[in-house]
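Q: here are the coordinates; sequence isn't available:
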């Protein structure tokens, strides 16, 4: 294998690692978002000018 082959293989491995981490984080984020939406649906929250 030449240096170019090693570089291409390394880039491919990094791409898969980044893609896998992104998918895992996105799935966890989506679960959290869905849970929060269900909680807000179950308990209606009224916004009454709090803050600012």
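A: Sure, I can see it. Please read all numbers here as calculations on a predicted model, not as lab measurements.
Q: for this structure, what spans make up the helices?
A: For the chain, the helices defined by DSSP state H cover 3-42.
Q: what bits of it have low per-residue confidence?
A: 37-52 (pLDDT under 70).
Q: one more time with 90, if that's ok
A: Applying pLDDT under 90 to the chain flags residues 1, 26-52.
Q: How many residues are close by residue 14?
A: The local packing of residue 14 (other CB atoms under 10 Å) involves 10 other residues. In this view, the C-beta of every residue, glycine as well, is placed from N, C-alpha and C.
Q: Ok, the one 4 residues further on next?
A: The burial metric for residue 18, expressed as a neighbour count using other CB under 10 Å, is 10.
Q: quick one: it from residue 6, how far?
A: Look at residue 18 and residue 6: by CB to CB, to the nearest Å, they are 19 Å apart.
Q: How about residue 32?
A: For residue 32, the distance to residue 6 - CB to CB - is 39 Å.
Q: now do residue 16
A: For residue 16, the distance to residue 6 (CB to CB) stands at 16 Å.
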